[in-house]
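Undergrad: Give me a 3D structure for the following:
(2 chains)
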Amino acid sequence: MAEQVKKKDLNIFVEYLTRVEGHGHIKINMKDGKLEACYLNVIEAPRFFEAMVRGRSMFEVQHITSRICGICSTGHSLASIKATEDAIGFTPSVQTRKLRKLALHYETLDSHLLHVLFLVTPDVFGAESVFPMIQTHKDVILLALKMKKACSDLCDILMGRHTHPITLAVRGFTKIPGKKELEKSRELLGELEKDLAIVLGVVKLIKLPEFERETEYIALTHPDEYAFLDGNIASTDAKEIAPRDYLSFVHELNVEHSASKHSKNKRNSYMTGALARFNINHKKLPEKLLDIAKSLGLKAPCYNPFMNSIAQVIETAYCLYDAIEIIDGFLKNGIDQSEAVASWPSSLEKNKFTFKSGRGVGAVEVPRGILFHDYTVNAEGIIEKANCVIPTNQNLANIDMDLQKMVPEILHKTKEEITLQAEMLVRAYDPCISCSCHLLDVEFVD
Amino acid sequence: MSKVRVAFFDFADCEGCQLQLTYLNEALLDVLKHCDIVNFREVMHERSDDYDVAIVEGSITRPYDVERIKKIRERAKILVAYGACAAIGGVNGIRRKYTIDEAKKIVYPDREFPIETGEVKAVDQVVKVDAYVHGCPTNNNEFAEVLKCLLLGVAYKVPTYAVCVECKLKENICLYEKGQVCMGPVTRAGCGAWCTSNGNTCYGCRGVLEDFNQQGQMDVLKKYGVTVNMLKDKFTLYNSCKMEEKNG
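TA: Numbering: from 1, shown residues only, chains lettered A, B, ... in the order given. Sure, this is the predicted structure:
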C-alpha cells in the first residue's frame, strides 16, 4: 500500500450544505499546510424578529416567535410564554406545567427522530438522502414515517398541531385533552415504545468518526429531573446561574463570515444541545437509559461532537418514558379541562386580568440546545424590547473550532472523505439555520 | 406517462411548511409514485435544475433572492406559492412597519459588517404564481388536493368564502360571543377552522378575502363593541405585504 502523504493544499467549498435546516456553506482553505479558512458560512436571509415583536401585545408574541422555526416552534412558543409570564409575574398551575413538559417532549421526540432517522442515517448507509433509501432500506423508512406520524398525532391531540402549536398560550392551554384523548395518546406512546426498540437496533449499526475536542458545555439543570422545561443554567466551567442572568454566560458577537451571531462564554466557544445536556445531567437519567447509552458507546463526559446524535437517541427514549409517566398520571388522577384559558383575556372574564410590567426571561431546552427569550413588557401589556438567543447560534463558534481541529487531523484522507466528514460534523450538531438567522445577515462566497 | 419533476425551494421563512411533508406518512410514498422530487435541500443531497413544478416556500427579501426566484420562474412550468410567507408575505411582512435601517438598528446595534436585506415581498409581488397553498403552516389535506390537481392538469380553486363558514360547520361557539376578537369573518377558508376549533382565535394566516362582507364585519364589530383599531393589529400580523398593495 502506498504511503499516505499528508496534503499541503486543500480547497473545499460545500455550497448549500444539505440535510440541515436552513442555508449554509462549509469553507475549508489550506495553503502550504496552514489553515487559512475553515468555517461554516451562514447565508440565511435575515428576518428581524426582535424588531417585528416590538409594539405587539404580550398575548400574541408567542404566536409570532413560534414562527422563527418550523422544527422547534413548540420550544420557541414555550420559551416565549415563559418569558412573558416571568415578566408579568404569573405562575402557571401544576397541571399546566405537566402539559407543557409533555408538549416539549413530543417536539423533542419528533425532532430527534427526524434528525437521526432521516438526516443522519443516509451517511451511515452511504445514501445521498432518504429517497434512494426507500428502495434500499424500505423497512427503516417506513418505520421512521410511522414514528413521525405517531408524534404528529400526539401533537395534534395536545396542541392542535405540531408546527406552530395552537393551544399553547400565556396562562395555560386553550384546550385540554379529555379522557378519550389521553387514552389515545397512551396507545400511541405504547406503539412508539415498541418501535424504539427497532430504532436502537438500527442505531447500533451507526459508526461515527472518532474525534475529540473538549469544550465548555452549557445546559439547563434541575434538582429533580433531566431538565428540559425548567431549571437553572449550568456550565461545565462555572457555577450555575438563574435564567435571568443568562447574559453573564452568553456573550453574542458578530462574525464576518456568518450571518448568524456567534456566542461565547469565557472560552472562545461552547456547546449546547443533547450532548451538553447529557454531559451535565446524565445522573438524572434512569439506570436503564445509562446502560443503553453505554452500549452505544456514550459515557459522560463525552468530548466527541459526533456523539450528539447518540445523545439524541438516549433523550428520545427519556422523553418517551417520561411522557408515558405523565399521561399515566393524568389517566389515574384525572385532568381538569375547566383550566382551559382564552389566548387573550376575554372582555367577559369575571376577574379582570391584572399583571405587573417589567423584564422576564424564558430559558427552555429545545432539541438543539438551550433557548432564551427575553422580553420587556410595559404596563399596557405591549412588548417594548425583545431578545432571542438561539441554540444553533450558540453552537456556531464551537462548530468552527471543531472543524479547525479536525481537518488537520484527517489530511491523510481523500478530499471527498474530508468533505463528507466535515459535512457530517456540521450535521451532528443538527443545526437549525433558519432559527439562527431569525435576524441575520449574509456573506456571499462565489 | 413520465413522472412530473417536482422541486422545492425555500426563501425567508421557518421551513415549517416543508416539515409538514414529513407528516404525510405513507400517503407521501403514494405521491412519490407519481412525481420525482428532484430538488429538496432540507432532506436531500441530490439536486437538479430540470423540473416541471417549483414549490416555493418563504418570502422574498434580498436582491439575490429576487434573482433566484426569477430563475426558478424561468425554469418551472408551474410555480406554486407554498405557505403564508410565500403566498401573502406572512409574519415577515410585520417588518414593513420599519425602514430597513431602523430594523437593522434594533437587531444589530453594533454590527460592523454589512447586512444585506431588502423589502419583504410575497412571491407574486416578484414573479407570476400559478397556484397557492395558503396557511401558516399549510395543511396536508389541502396540499394533497393541490398536488392532485397539478398532476391532472386542472386548476385548484382556493375557497372564496370565510373561515366562519367552516367554523360554523364545526359547531364552535362564535369567539365574538366569548368576548374575543377573531379574524374568521374576513379570512379565506380552507383550513377547516383549525385554530378556532382548538380554543384559539383566527389570526388571518390564509390572507384576507378579496371581497369579504364588509358590512357584515362592521355589524359584528358594532354588536360586540370592538373598535376598528382592535382589529387593525390582527390585520398586520400576516397581511402587511398585501395590505400595502391594496392601499397603493
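Undergrad: From now on I want contacts and neighbour counts done on CA atoms only, so please keep to that.
TA: Fine.
Undergrad: Now do the same contact list for residue B:12.
TA: Going by C-alpha atoms under 8 Å, 6 or more residues apart in numbering or on different chains, residue B:12 touches A:44, A:45, A:46, A:47, B:57, B:58, B:59, B:60, B:61, B:85, B:92.
Undergrad: Quick one: classify the fourth one as helix, strand or coil.
TA: Here residue A:47 is recorded as coil under DSSP: H, G, I helix; E, B strand; the rest coil.
Undergrad: residue boundaries of the strands in chain A?
TA: Taking DSSP state E as the test, the strands found in chain A are A:10-14, A:24-31, A:34-42, A:168-169, A:172-173, A:216-221, A:232-235, A:251-253, A:262-264, A:270-271, A:358-366, A:369-377, A:383-389.
Undergrad: Turn the ones you listed into a markdown table, including mean pLDDT.
TA: Shown next, in a markdown table, are those (pLDDT from 0 to 100):
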| stretch | mean pLDDT |
| --- | --- |
| strand A:10-14 | 78 |
| strand A:24-31 | 82 |
| strand A:34-42 | 80 |
| strand A:168-169 | 98 |
| strand A:172-173 | 98 |
| strand A:216-221 | 98 |
| strand A:232-235 | 97 |
| strand A:251-253 | 82 |
| strand A:262-264 | 81 |
| strand A:270-271 | 96 |
| strand A:358-366 | 97 |
| strand A:369-377 | 96 |
| strand A:383-389 | 92 |
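Undergrad: count of neighbours near residue A:155?
TA: Applying other C-alpha atoms under 10 Å in any protein chain shown, we find 24 residues neighbouring residue A:155.
Undergrad: Next, find the distance separating it from chain B.
TA: 11 Å (C-alpha to the nearest C-alpha, to the nearest Å).
Undergrad: pretty sure that residue is touching residue A:105, no?
TA: No. Assessed by C-alpha atoms under 8 Å, residue A:155 is found out of contact with residue A:105, at 9.9 Å.
Undergrad: residues in contact with residue 185?
TA: This is for chain A. If you count contacts by C-alpha under 8 Å, 6+ apart, then residue A:185 has A:154, A:157, A:327 around it.
Undergrad: Oops, wrong one, chain B.
TA: Residue B:185 makes contact with B:162, B:163, B:164, B:212, B:213, B:217, according to C-alpha under 8 Å, 6+ apart.
Undergrad: Identify, from the residues you listed, the entry nearest to chain A.
TA: Within the contacts of residue B:185, proximity to chain A (C-alpha to the nearest C-alpha) peaks at residue B:163, which comes in at 15.9 Å.
Undergrad: Pick out the residue of chain B closest to chain A.
TA: residue B:16 (3.5 Å).
Undergrad: Around that residue, how many other residues sit close by?
TA: Using other C-alpha under 10 Å, residue B:16 has 25 neighbouring residues.
Undergrad: Ok, residue B:30 next?
TA: Neighbours of residue B:30 (other C-alpha under 10 Å): 11.
Undergrad: which is the next helix or strand following the lowest-mean-pLDDT helix or strand in chain B?
TA: Scoring the helices and strands of chain B by mean pLDDT, DSSP states H and E places helix B:26-34 at the bottom, with a mean of 70. Tracing the chain C-terminally past helix B:26-34 and defining elements by DSSP states H and E, one meets strand B:35-39 next.
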